[in-house]
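J.: okay, predicted coordinates and the sequence, questions at the end:
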Amino acid sequence: MMDLAKRTSRRRWSIVISPILLIAVTCYGLSYGSVSVSLREIWEVFTSSGEPLAQKIVMNLRFPRVLIGLLVGACLAASGALLQGVMKNPLADPGVIGVSAGGGLAAIMCMIVFPNLSYLLPILAFAGAFLTSIIIYLLSWSSGSSPLRIVLAGVAINALIGAITNGFMVIYSDRVQAVLPWLSGGLSGRSWYHLSFMAPYAITGLILSLFAIKTANLMLLGDDSAKLLGQKVELQRLSLILLSSLLAGAAVSVAGLVGFVGLVVPHAVRLLLGDDYRFLLPLSIVGGASLVVFADTIARSAIDPIELPVGILLAVIGAPFFLYLLKKRGVANA
Amino acid sequence: MTAIEANGLTLELGPFGLKDLSIAIPEGEMTAIVGPNGSGKSTLLRMISRLQKPDSGEVIIQGRDAGAYSTAQFAQTLTMLTQSKGQMPDLTVREFVAYGRSPYKRLFDRMSEEDHGIVNWALTLTGTIRHENRMFHTLSGGEQQKVRIAMALAQKTNILLLDEPTTYLDLAHQLDLMEMLQAINRDYKLTVVMVLHDLQQAAAYCDYMIAMQRGRVVHTGKPRELLTPRFLQEVYRIDAKVAFEDDYPVIIPIRSGAKPKEEPPMIIVTNTSQITKGEAHKLIERFDRVGKVEYMEGFLGLEVHLTENTKEYDEVSVVTKWRSKEDFQAWTRSDAFKESHAHRKTPEFIISNKISFYEVKIVREPAAVTGESSNAS
């Protein structure tokens, strides 16, 4: 809660800063790594007059990876922002309540059992994520859903899916090697091929999420008020869950289990700009995209030559923040 | 004309259910729904506004079945101020009131000149336009309530329901709100229906009153005609006088210490049987199986007396206490009673049998003993 003048000026600033942030973080992602490429060289690469080595590093390795990072972060943050609205719960995040894990399980099964069908990964991850969110929603429903029950049901489902995933990996231990790096969440080795199969889903989801802004705002007023204002609340809730599952599924299908982006980013934006989804959603998308690329760049250049999975780095940032939120807001809202 | 009609509304919902409830609410007037806590007033409003589905029965809004309206149409016809404030997003007063235009907007419609005009109108009418740029949550409870009414007005409906709009407000804000609603009702012919706890305010400001008790409508009519000591006794079970001070109704409760505590009369039904000597226990055992008297409405208690003072026979009296004779008769007509008395002959050990009724008046604290500190009840 903040006063109007502060909110207005922050919202104005955010519109100016967003594109700058995106460009800056993209440049950072393109130039840093085991071989540094200067901004000038990057410029030359894009105007197709660069030297072959820089050309190769930037175009073949870093650029697709940065683009994937941007999309993954954007999807996760948008998914988290929408889930928090629809479940009326500040702790709802695709990673925390098991939606990502559901998508992940579906994706792992696909990779292990039908390794040739990798182009189906996003759809399967989406189906898994969607099914999981519906199960959580139904489990927590008892004449209305309560924030506390959603988190409890989500944590339980998350644990259950984790167990099934592990069981699966033990049974197919011979084929696990391909899946393992994917599980901890990372962008290592992602290329144009990966981008080409996840981008359609991610971009569709992100565009659709802009259509959801008004609905998400009305839901903030509460179910009864939204109904009295002529909204088909149950239908809208279902479509928002579908949409956030699509977004989480798209991210999971290529980056694996990257956690906490959907929790940390929308929350930071909320604290700065308020609950209004007209600002919350676009700014979360920008913030999520920037955070993932930034973290991924650090992850691959910090302890060179070892490359940390970005998921681990994000969990290190995200877990304490989650505890902070739990202490600050979770109890009051439960 | 009736704005709202309900026929045979029934809902099983614990203590707040409705039982075959039918009402007609007049158009363009202020209607108050009153009744004790848990009588189903809010449930009724939620059903009228389609927030709660009845198990059976129908709601007709302006001559058309409520279910036949599309969601948006319905929100353009009727809206409600709920009791729960829900979450409070950080919005300015103007932004909040502008949500009232949602039923008229499709996904990407922007606010038109007309919409802004209507929002201004609603803000002006409720006197909240001076706060239009303040954050909603910084307002006092009374002002917030007015802003919520402004949002409802911005929906431009013909019917406005309000669920206890004055409950958490101080007296000045309560009266302010009632005056405001009355003015809007008169100037714009808006049909206003509200659940109110303050009977005096209900009678002073409303044209029509519906009294509910245990999920049923028990009285309807003009509030000033309804508001009598008998009404208060029947609906709220309180003893009070009703006076009009400068044409404003005043309810004056009669405190229990101020007069002997008098309970409503009670009916005692004594069923005395003369039984063959030594066989009284048979009747007493048999009585255990007589049907479900303890579930009957108006049943107050049961005693069994055994007298062994004559040489020829024993006397067993089964005494039941009832609120009224009708309640007792309802028991004798009940299925459980018939069940337990069917296929059964009078056993031989009963020599004779007599049933007597007494109507008694109970005075627990006679005036003579009542000191000043005797209102402990």
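T.: Structure received.
J.: centre of the chain to the longest helix along chain B, how far?
T.: Scanning chain B for the helix with the most residues, using DSSP state H, yields helix B:171-188. With CA atoms, centre = their mean, to the nearest Å as the basis, helix B:171-188 stands 23 Å off its chain's centre.
J.: and chain A, which residues reach chain B?
T.: By CB under 8 Å from any CB of the partner chain, the residues of chain A that approach chain B are A:1-4, A:7, A:88, A:211, A:214, A:217-218, A:220-222, A:224-225, A:227-232, A:274-276. C-beta here means a position set from N, CA and C on the backbone, and glycine is covered the same way.
J.: just the ones of those residues in strands?
T.: Using DSSP state E, no member of the residues of chain A next to chain B falls in strands.
J.: using PyMOL, define a selection of the buried residues within those.
T.: Selecting just the buried residues from the residues of chain A next to chain B in PyMOL takes one command, with 16 or more other CB atoms under 10 Å in any protein chain shown as the test:
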select buried, chain A and resi 7+88+214+217+218+220+221+222+224+225+227+228+229+230+231+274+275+276
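J.: wouldn't B:Val293 be in contact with B:Val318 here?
T.: No - contact between B:Val293 and B:Val318 fails when scored by CB atoms under 8 Å: they sit 9.9 Å apart.
J.: tell me, what's touching those two both at once?
T.: Common contacts of B:Val293 and B:Val318 (CB atoms under 8 Å, 6 or more residues apart in numbering or on different chains): B:Leu302.
J.: about what we covered before: so which of the residues of chain A next to chain B are in helices?
T.: Filtering those for helices - DSSP H - leaves A:Leu4, A:Arg7, A:Phe211, A:Lys214, A:Asn217, A:Leu218, A:Asp224, A:Ser225, A:Lys227, A:Leu228.
J.: you'd agree B:Ser102 is up against A:Gln231?
T.: Yes - using CB under 8 Å, B:Ser102 is in contact with A:Gln231, at 7.2 Å.
J.: and the spatially closest residue to B:Gln144 that is not a sequence neighbour, how many residues sit next to it?
T.: Leaving aside its sequence neighbours, B:Gln144 sits nearest to B:Phe136 (CB to CB, 6 or more residues apart in numbering or on different chains; 6.7 Å). As a burial measure, B:Phe136 scores 21 neighbours (other CB atoms under 10 Å in any protein chain shown).
J.: these two touch, right, B:Phe136 and B:Val93?
T.: Yes - at 5.8 Å, B:Phe136 counts as touching B:Val93 under the criterion of CB under 8 Å.
J.: now for the two: what residues contact both?
T.: Shared contacts of B:Phe136 and B:Val93, counting by CB under 8 Å, 6+ apart, come down to B:Val147.
J.: quick one: end-to-end length of stretch A:203-223, please.
T.: 29 Å (CA to CA, to the nearest Å).
J.: next one: that stretch to chain centre, how far?
T.: Distance of stretch A:203-223 from its chain centroid, counting by CA atoms, centre = their mean, is 16 Å.
J.: what's that stretch in contact with?
T.: Contact with stretch A:203-223 is made by A:71, A:74-75, A:78, A:81-82, A:85-86, A:88, A:144, A:225-226, A:229, A:231, A:233, A:236-237, A:239-240, A:243, A:246-247, A:250, A:275-278, A:281-282, A:285, B:84, B:86-87, B:89, B:99, B:102, B:107, as judged by CB under 8 Å, 6+ apart.
J.: just those: which are in helices?
T.: Checked against DSSP H, the contacts of stretch A:203-223 include these in helices: A:71, A:74-75, A:78, A:81-82, A:85-86, A:225-226, A:233, A:236-237, A:239-240, A:243, A:246-247, A:250, A:277-278, A:281-282, A:285.
J.: narrow those to those that are buried.
T.: So, of those, A:71, A:74-75, A:78, A:81-82, A:85-86, A:225-226, A:233, A:236-237, A:239-240, A:243, A:246-247, A:250, A:277, A:281-282, A:285 end up buried under the neighbour-count rule (16+ other CB under 10 Å).
J.: all helices of the stretch 1-150 of chain A, in order?
T.: Secondary structure of the stretch 1-150 of chain A (DSSP state H, counting those that start in this stretch): helices located at A:4-31, A:39-46, A:52-55, A:63-86, A:99-113, A:121-140, A:147-171.
J.: go through the ones you listed and name the closest to B:Thr124.
T.: For B:Thr124, the closest of the helices of the stretch 1-150 of chain A is helix A:4-31, at 20.3 Å, according to CB to CB.
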